[in-house]
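Give the three-dimensional model of this entry:
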Amino acid sequence: MPYEVKSKPYWGLNFIILILIGVLLAVILIPKQIWEEAERYRTQSRRNMQNLWKVETMFFNLTGNYTELGSNAIQVVNAVYDSISEDSTFHGEQEIRLPPERFTLNINQENRQNLLMLVDSTLADTSWTAFRDRLKNFSNTLLVEDSIRSGQLAQQLVQAAYDSVTADTTWTGQQQIALPFRYGLQVPQTYQHQYDTTFVRENRIQTVVQDTSYNAVIRVDEETSAADTAAQLDTTWIPIRNLADMQERYPNINIIDTSVTRQNRWITQMQRIRPSQSWLYDPLTGNPYDIRVSDDGLHLRIESPIQGEYEEKRYYFFTLSDTSHGYIEDGETSWESPNQ
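Below is the predicted model of the structure:
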């Protein structure tokens, strides 16, 4: 009896082939997915900066200057809108007070001396903007837990601490400071309309549109004899929106058929949005945008917090990598310039 060689299934080889196919697909598809994710973050980040610019512009129109305290700008802009909604006479010279921000400071002997020296010597002859980062760093050495990212807030905190130290020599150890925020405003009559038309977003929605048309017989010449009537009749389709005009123009119009069609269409709707504190933060890193205002309060720069290259791991073996999302300076966006 001849010996038969039976073929054995190569399950191991098939399994390896499947793994290699999966790896190949992952190498192709995952980087594309990560790139699309980075683009979404970049788009959202730039949208946030543009929204912040709109808020600052509204704040400037109310107060006459920009502010590095983006959170306060959002609160003021919203508070004015809410006040007008409750009281239609809330126009002209007005005042908005925000809840004070409280800080706990550690005033030891070294901090006390450095504080006096900083204010009495350095800041006496130099604009605070020139020492913006130094002020922030110094104010953070005074704080027990919090940290300050705004140069304007750092200036207010340092000045308040200086006033307390010089007024009371026993003002040492852990001390509480509450920084009040009071803004004098000039509210225009058109503020509510400006708010409603500034803070909007486009929404594309799919809807079913119904069109109705009428098949009508129109006598073109009313004075034509009966024998020639057939030659003077015109048959046409009339959209429903034009029917009333046609009936007024041709009193003897005769509707002989109706057609109703339905089709899906994409339409764009404008939806009003309320300025949000989330606009202050970069969606990728979660860090706040760098808001800088000139000494005179008339120039503003909003910049992405990403410096250099930012990386995050994805799926262990892949990396989401991105760089700065740009900046807006005095209304000009860096990403629309020919150099970026």
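
in the sheet, who's paired with residue 313?
residue 319 (DSSP bridges).

Quick check, pLDDT for it.
If you check residue 313, the pLDDT there is 84.

just residue 40 next, same as before
93.

longest helix in this protein, by residue count?
The longest helix of the chain (DSSP state H) is helix 11-63.

In terms of secondary structure, what does it contact?
Using 3 or more Cβ pairs under 8 Å, 6 or more residues apart in numbering; DSSP states H and E, the elements in contact with helix 11-63 are helix 70-86, strand 173-187, helix 191-198, strand 300-303, strand 318-322, strand 327-329, strand 332-333. All C-beta spots, glycine's among them, are computed from the backbone N, C-alpha and C.

One more pass at 6 Å, please.
helix 70-86, strand 300-303, strand 318-322 (3 or more Cβ pairs under 6 Å, 6 or more residues apart in numbering; DSSP states H and E).

now the longest one: mean pLDDT?
This points to helix 70-86. 94.

name the helices or strands packed onto that helix?
Secondary elements touching helix 70-86 (3+ Cβ pairs under 6 Å, 6+ apart): helix 11-63, strand 92-107, strand 173-187.

mind checking how far the first one is from the chain centre?
Read it as helix 11-63. Taking Cα atoms, centre = their mean, to the nearest Å, the mean C-alpha location of helix 11-63 is offset from the chain mean by 17 Å.

quick one on the thing from earlier: of all the helices and strands packed on helix 70-86, which one is nearest residue 302?
helix 11-63 (5.0 Å; Cβ to Cβ).

Just the C-alphas of stretch 191-200, formatted as CSV.
Only the C-alpha atoms of stretch 191-200 are listed here, as CSV (Å, rounded to 0.1, in the frame of the first residue of the first chain):
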residue,chain,number,x,y,z
TYR,A,191,-23.4,97.0,22.6
GLN,A,192,-26.0,94.2,22.6
HIS,A,193,-26.1,94.1,18.8
GLN,A,194,-22.3,94.1,18.6
TYR,A,195,-22.2,91.2,21.1
ASP,A,196,-24.8,89.2,19.2
THR,A,197,-23.0,89.6,15.9
THR,A,198,-19.5,89.2,17.1
PHE,A,199,-19.7,86.0,19.1
VAL,A,200,-21.3,83.6,16.6
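
Now do it, average pLDDT.
On average, stretch 191-200 scores 93.

buried stuff in it?
By 16 or more other Cβ atoms under 10 Å, the buried positions in stretch 191-200 come out as 191-192, 195, 198-199.

And residue 151, how far from residue 318?
38 Å (Cβ to Cβ, to the nearest Å).
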